[in-house]
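*Asks:* Could you work out the structure for the sequence below:
(one chain, ligands or ions: 1)
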Amino acid sequence: MLEVRALSAWHGAAQALFEVSLQVGAGELVVLQGLNGAGKSTLLQAVMGLGPRVSGVISYQNESIAGWPPHRRARAGLGYVAEDRRLFTGLTVRENLHIAARGDVRAQEARVLALFPALGGMLQRPASQMSGGEQQMLAMARTLMTGPRLLLLDEPCEGIAPLLVEAIRDALLALKREGMPMLVAEQNRILADHADRTVTLSAGRIG
Ligand SMILES: Nc1ncnc2c1ncn2[C@@H]1O[C@H](COP(=O)(O)OP(=O)(O)OP(=O)(O)O)[C@@H](O)[C@H]1O
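*Replies:* Take a look at the predicted model:
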């Protein structure tokens, strides 16, 4: 579904990725590992068309998307959850979900609340009054409201309380069982044991 080939990326003059290649096939969970600064976030941003200048091949469903703006990639089915979550903190949980919805809002909401039951009890709460883990669940739920066909998740379990880490892992494994392809960056090996493949980045290179 997603193929990255010989991808290099630069932040200004600084090169962050060096000819990286990887693939995510239908229904696959691929975990991207590596230390802080290894280039994991840069790779996900490059796939979404955010931030870094790139060279190389990025193709989705056998079509080159490297020149596409981010909104076109999102519309084509790429769902991205950034490390900083980017919620509307002044809005409630429900408003955050509804603002993102495409298609049948009620049906989408029911689906994401089945994946993240904890959110169902806090629909009227402002996002600013949620814990980090709850915000992470909301960020994932909001992205799911857009009906993505492949998920790019940046450190979904980083810095989150153990109970919520379990809830997030279980939701991602449920999505995997539904056949959702995912590329997940993580340092802490929460999902790596369930991955079809792990890819390790080291100083911007696979290895
Ligand atoms: N906006 C930016 N401007 C300049 N350099 C950047 C920028 N974002 C990342 N970098 C640099 O690019 C390299 C890769 O960083 P990146 O954030 O992709 O790594 P990472 O593996 O995701 O680590 P982390 O888990 O800390 O986010 C690092 O050397 C980093 O300092």
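*Asks:* Identify the residues contacting the residue positioned nearest the centre of the chain.
*Replies:* The centroid of the chain falls nearest to Leu153 when counting by C-alpha atoms, centre = their mean (2.1 Å). Residues counted as contacts of Leu153 (C-beta atoms under 8 Å, 6 or more residues apart in numbering) are 44, 80-81, 140, 172, 182-185. Yep, even glycine has a C-beta here, placed from its N, CA and C like the rest.
*Asks:* Let's have those in JSON lines, adding distance to the ligand.
*Replies:* As requested, the contacts of Leu153 are exported to JSON lines (distance: C-beta to the nearest ligand atom, whole Å):
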{"residue": "Leu44", "distance to the ligand": "8"}
{"residue": "Tyr80", "distance to the ligand": "13"}
{"residue": "Val81", "distance to the ligand": "14"}
{"residue": "Met140", "distance to the ligand": "18"}
{"residue": "Leu172", "distance to the ligand": "18"}
{"residue": "Met182", "distance to the ligand": "17"}
{"residue": "Leu183", "distance to the ligand": "13"}
{"residue": "Val184", "distance to the ligand": "12"}
{"residue": "Ala185", "distance to the ligand": "6"}
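*Asks:* Tell me the one among the residues you listed nearest to Leu113.
*Replies:* Met140 (12.2 Å; C-beta to C-beta).
*Asks:* I'd like to know the phi and psi angles of that closest one, please.
*Replies:* When read as degrees, to the nearest 10, the backbone of Met140 gives phi -70, psi -40.
*Asks:* Make a ChimeraX selection of whichever of the contacts of Leu153 turn out to be buried.
*Replies:* Restricted to buried positions by 16 or more other C-beta atoms under 10 Å, the ChimeraX selection for those reads:
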select :44,80,81,140,172,182,183,184,185
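*Asks:* export the contacts of Leu153 to CSV and tack on secondary structure and pLDDT?
*Replies:* Formatted as CSV, the contacts of Leu153 follow (DSSP: H, G, I helix; E, B strand; the rest coil; pLDDT from 0 to 100):
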residue, secondary structure, pLDDT
Leu44, helix, 97
Tyr80, strand, 96
Val81, strand, 96
Met140, helix, 97
Leu172, helix, 97
Met182, strand, 98
Leu183, strand, 98
Val184, strand, 98
Ala185, strand, 97
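*Asks:* Strands of the protein, start to end?
*Replies:* Ranges of strands within the chain are 2-11, 14-24, 29-33, 53-60, 63-64, 78-81, 150-154, 182-185, 197-202, 205-206, based on DSSP state E.
*Asks:* Strand partners (parallel or antiparallel) of the second one?
*Replies:* Strand pairing for strand 14-24, determined by DSSP bridges: strand 2-11 (antiparallel).
*Asks:* tilt between the strand it pairs with and strand 150-154?
*Replies:* In terms of direction (axes from the mean of the first three to the mean of the last three C-alpha atoms, to 10 degrees), strand 2-11 departs from strand 150-154 by 40 degrees.
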